[in-house]
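*Asks:* Quick one: sequence and predicted model below, then my questions.
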Amino acid sequence: MNIVLLLVEDNPTDEKLTLRAFEKCNLANQVVVVRDGAEALDYLFATGQYAGRDTSILPAAVLLDLKLPKVDGLEVLRRIRGDENTKHLPVVVLTASKEDEDLARSYSSGANAYVRKPVDFAEFVDAAKTLGLFWLLLNQPAPPPRTP
């Protein structure tokens, strides 16, 4: 079974660290990387450059940065929660933000988890390993929406 993870990250360094951390943990899953909020929404809802993508295949989880160009992470999260097909999709906010307000707004908007990006690479690898083990291997996803 091919498990897809969606990484929404505009910082190339953080993208590389995240991908390297998952590689180092031997989580052999497909990671789709999008670099702004609009591209994330296009991927999830099969619009724009992702038009025609099979929307019945959703990522196992979304790792979502908050400070994104075009559409910010909180708006992406609201749109995910507002759609019948994606409302149960696990969303982990993975951010460098240390603002308590971002934490509170993320949870009130429907985030499943909020993880501050560690600066130290070894700590980042440990965090990525824990995230991957839980969200990709242990978590039982919500059943797909029923079609009428």
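*Replies:* Yep, it's here.
*Asks:* Name the nearest residue to Ala51, ignoring sequence neighbours.
*Replies:* Among residues not flanking Ala51 along the chain, Asp42 sits closest, at 8.0 Å (C-beta to C-beta, 6 or more residues apart in numbering). To be clear about C-beta, it is placed using only N, CA and C from the backbone, and glycine gets the same treatment.
*Asks:* which stretch of helix or strand covers that neighbour?
*Replies:* Under the criterion DSSP states H and E, the helix or strand holding Asp42 is helix 37-45.
*Asks:* what element comes up after that helix heading to the C-terminus?
*Replies:* Later in the chain than helix 37-45, the nearest helix or strand by DSSP H and E is strand 61-64.
*Asks:* That following strand packs against which elements?
*Replies:* Under the contact definition 3 or more C-beta pairs under 8 Å, 6 or more residues apart in numbering; DSSP states H and E, strand 61-64 sits against strand 4-8, helix 37-45, helix 73-81, strand 91-95.
*Asks:* Can you give me the buried ones in stretch 100-116?
*Replies:* Within stretch 100-116, the residues that qualify as buried are Asp102, Leu103, Arg105, Ser106, Ser109, Gly110, Ala111, Asn112, Ala113, Tyr114, counting by 16 or more other C-beta atoms under 10 Å.
*Asks:* Just the ones of these in helices?
*Replies:* Judged by DSSP state H, the subset of these located in helices is Asp102, Leu103, Arg105, Ser106.
*Asks:* give me every residue that touches Tyr43.
*Replies:* By C-beta atoms under 8 Å, 6 or more residues apart in numbering, the residues touching Tyr43 are Leu6, Val32, Val34, Tyr50, Arg53.
*Asks:* One more pass at 6 Å, please.
*Replies:* By C-beta atoms under 6 Å, 6 or more residues apart in numbering, Tyr43 lies in contact with Val34, Tyr50.
*Asks:* Next, format the buried residues of stretch 100-116 as JSON lines and append pLDDT and distance to Thr130.
*Replies:* Below are those laid out as JSON lines (pLDDT from 0 to 100; distance: C-beta to C-beta, whole Å):
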{"residue": "Asp102", "pLDDT": "93", "distance to Thr130": "21"}
{"residue": "Leu103", "pLDDT": "93", "distance to Thr130": "18"}
{"residue": "Arg105", "pLDDT": "95", "distance to Thr130": "24"}
{"residue": "Ser106", "pLDDT": "95", "distance to Thr130": "18"}
{"residue": "Ser109", "pLDDT": "95", "distance to Thr130": "23"}
{"residue": "Gly110", "pLDDT": "95", "distance to Thr130": "21"}
{"residue": "Ala111", "pLDDT": "95", "distance to Thr130": "16"}
{"residue": "Asn112", "pLDDT": "91", "distance to Thr130": "14"}
{"residue": "Ala113", "pLDDT": "88", "distance to Thr130": "10"}
{"residue": "Tyr114", "pLDDT": "90", "distance to Thr130": "14"}
